[in-house]
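**Q** This is the structure alone, sequence omitted:
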């Protein structure tokens, strides 16, 4: 295609298709990673529940109770069957057969690409039995295939829609005005047109060739110096207005990015608390269920007159242990909820209040979202216990949380063992200093002056937008009224220093 319309259509459709394919591939990769992470988390939770709930039923040889537990776990679509085999005559299994669940037979061969084997112990005694869980990732693969088909269909539909819009826009916004302009120029040149043989042919697209020819002849015949000056002035004024609008849009975009980062931080905090609180709640439910079943069994023995002293003493010991476990789990959940509530209130609006610095830093470390990068890292907190702040805890949370996450993500190689140290000290009656230092690989000298710039990142394409340290530096200045500085040597780690007043400026 030699026309401008054809070339523009090909280039735009090709670019849009490649961009959509790239974004779709990135989304598919992230979706696969998320599905795998959720699968592993559910797998771990399943193992934990079975290790807590099965020992009592196996110890009592209570097969109805065991079947009830296994049927409850088979509600997860990834679990195809669960088999328990122990000493004596214990050989019990439940398998999903279509939409129903039934006992396993020796002829059953459960299908699955993942197998989980658990050693079942009762009160840390010798192994009672082994539980084998047959799992399948077929649902994950089906979801991935469906996402790929949806992505290809969306790309095709978007290409067709873009092609139609492009044809309409070019015809209406470009070709029609060009034809009108050509007609007007031709009318203006009609009394002075030279011979067509004397005019030089112009190279270019088919749409612009007639216009260029007429503009050249008009330039040769007319003196347009004054008109050119007027056009230049008009263009300069228009560019000035565009520059002012662009500056206003940039300021608005910066405010939007800060608000987005605040909401993202609060979202990550909520996800972290939900993940953390799941463990004590799960322990509480399992312990309470186990205690109810044990009490029911003892009550039946008492009513039948077959209760033994040893059974009653075991029940008392088990009850005391269960109550302690319930109490500790409930206290842990209450602490998490209180911590999240306080920090969420601070994050919701830049609320100024008084708070103890070291205690608040402990809350920040406690609510730091676990990441694969921080799995092998130790976080140490050191600070003076009696530093009273009158400042904005929400802004302080965002700065310190970003520094800790930055050290965990960028300071160490994957799987590297290391340490992050968080220190706070009172410099004088009016100022405090907070340091976040790590033992990681440090920052290259050529990157030191770019760290606090917006959109600068050394890990582009991995969901890192390069805004964290930029926003942290802004929060340190306003509203905290301080300054954030950096020291780093390659191979010797990195230290961020935050100097802020105890009483934030109004």
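**A** Alright, I've got the coordinates. Please read these numbers as outputs of a predicted model, since none were measured by experiment. Numbers count the residues shown, from 1 in each chain.
**Q** any idea which helix or strand of this structure has the worst average confidence?
**A** In the chain, no helix or strand scores lower on mean pLDDT, DSSP states H and E than helix 209-221, which sits at a mean of 65.
**Q** All the helices of this structure, residue numbers only.
**A** For the chain, the helices defined by DSSP state H occupy 4-60, 63-73, 138-169, 176-189, 209-221, 225-304, 309-348, 357-366, 393-410, 468-477.
**Q** got the end-to-end distance for stretch 51-71?
**A** 16 Å (CA to CA, to the nearest Å).
**Q** what's the average pLDDT for that stretch?
**A** Confidence over stretch 51-71 (mean pLDDT, whole number) is 84.
**Q** chain center to that stretch, what's the gap?
**A** Here stretch 51-71 is found 38 Å from its chain centre; the criterion is CA atoms, centre = their mean, to the nearest Å.
**Q** cool, stretch 315-323 as well?
**A** Using CA atoms, centre = their mean, the offset of stretch 315-323 from its chain centre is 41 Å.
**Q** same question, stretch 171-179
**A** With CA atoms, centre = their mean, you get 46 Å for stretch 171-179.
**Q** just stretch 281-301 next, same as before
**A** 38 Å.
**Q** Pull out the buried positions in it.
**A** 283, 284, 286, 287, 290, 291, 293, 294, 297, 298 (16 or more other CB atoms under 10 Å). Backbone N, C-alpha and C define where each C-beta goes, glycine included.
**Q** Next up, the contacts around the closest residue to residue 108 other than its chain neighbours.
**A** Distances taken as CB to CB, 6 or more residues apart in numbering put residue 95 closest to residue 108, at 5.6 Å, once the chain neighbours are dropped. Under the criterion of CB atoms under 8 Å, 6 or more residues apart in numbering, the neighbours of residue 95 are 80, 81, 101, 102, 103, 104, 108, 110.
**Q** same thing but at 6 Å, please
**A** 81, 104, 108, 110 (CB atoms under 6 Å, 6 or more residues apart in numbering).
**Q** same question, residue 407
**A** 420, 438.
**Q** Residues touching stretch 19-31, excluding its own?
**A** 147, 151, 155.
**Q** now do stretch 114-133
**A** Contacts of stretch 114-133 (CB under 6 Å, 6+ apart): 47, 50, 54-55, 58-59, 82-86, 90, 134-135.
**Q** again, only using 8 Å
**A** 43, 46-47, 50-51, 54-56, 58-59, 73, 79, 81-87, 90, 134-137.
**Q** so residue 431 touches residue 498, yeah?
**A** No - using CB atoms under 8 Å, residue 431 is not in contact with residue 498; the gap is 10.8 Å.
**Q** Between those two, which has more neighbouring residues?
**A** Higher neighbour count among residue 431 and residue 498: residue 498, with 23 against 14, using other CB atoms under 10 Å.
**Q** how about the nearest residue to the more buried one, chain neighbours excluded?
**A** residue 434 (4.4 Å).
**Q** contacting residues for the one you found?
**A** By CB under 8 Å, 6+ apart, the contact list for residue 434 reads 361, 400, 422, 423, 424, 497, 498, 500.
**Q** do that again at 10 Å, thanks
**A** If you count contacts by CB atoms under 10 Å, 6 or more residues apart in numbering, residue 434 has them with 357, 361, 383, 396, 399-400, 403, 422-425, 476, 482, 484, 496-500.
**Q** same question, residue 311
**A** With CB under 10 Å, 6+ apart, residue 311 has these contacts: 294, 297, 298, 301, 302.
**Q** again with residue 79
**A** 42-43, 46, 70, 73, 94-96, 110, 112, 114, 116, 133-136.
**Q** Show the buried residues in the residues you listed.
**A** With burial judged by 16+ other CB under 10 Å, the buried subset of those is 43, 46, 70, 94-96, 110, 112, 116, 133-136.
**Q** and which of those residues is nearest residue 490?
**A** The nearest member of the buried ones among the contacts of residue 79 to residue 490, counting by CB to CB, is residue 43 at 39.8 Å.
**Q** Pull up the gap between the closest one and residue 361, please.
**A** Applying CB to CB, to the nearest Å, the value for residue 43 to residue 361 is 35 Å.
**Q** now do residue 300
**A** For residue 300, the distance to residue 361 - CB to CB - is 53 Å.
**Q** export the contacts of stretch 19-31 to a markdown table and tack on pLDDT, neighbour count and distance to residue 438?
**A** Below are these laid out as a markdown table (pLDDT from 0 to 100; neighbours: other CB atoms under 10 Å; distance: CB to CB, whole Å):
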| residue | pLDDT | neighbour count | distance to residue 438 |
| --- | --- | --- | --- |
| 147 | 87 | 16 | 37 |
| 151 | 88 | 17 | 39 |
| 155 | 89 | 17 | 42 |
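**Q** which one among those residues gets closest to residue 238?
**A** Checking those against residue 238 with CB to CB, the nearest one is residue 155 at 36.9 Å.
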